[in-house]
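A.B. asks: got a predicted structure here, sequence first:
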Amino acid sequence: MYTSFYENFGQTILEAGATGLPIITTKVGVAGQVIKHDESGFFVDFKSPEKIADYVMELLSKAKRESFGKK
């Protein structure tokens, strides 16, 4: 999970994706170029903790985590 207000690049997003981790992030840095919402990760508003929690719950599914990680 990466809920930054601002990021000029987003190295941690790339590192997480490169290791096959599903990503929950705000639209900062390279996130918009790397992630497709609900296909390879989730975009969230940092002011929406309920939605972040919903996405974490979705990723409890091993099949969903593996699908996101492969993409």
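C.D. replies: The structure has been received and is ready for your questions.

A.B. asks: how about the helices in this structure?
C.D. replies: Applying DSSP state H to the chain gives helices spanning 11-18, 31-34, 49-58, 62-70.

A.B. asks: mind putting those helices into TSV with mean neighbour count?
C.D. replies: (C-beta placed from N, C-alpha, C; glycine too.) Output for those, formatted as TSV (neighbours: other C-beta atoms under 10 Å):
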stretch	mean neighbour count
helix 11-18	16
helix 31-34	15
helix 49-58	13
helix 62-70	13
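
A.B. asks: of those, which is nearest F42?
C.D. replies: The closest of these to F42 is helix 49-58. By C-beta to C-beta, the value is 4.4 Å.

A.B. asks: compute the inter-axis angle for that closest one and helix 62-70.
C.D. replies: Put simply, helix 49-58 runs at 100 degrees to helix 62-70, going by axes from the mean of the first three to the mean of the last three C-alpha atoms, to 10 degrees.

A.B. asks: cool, thanks, signing off.
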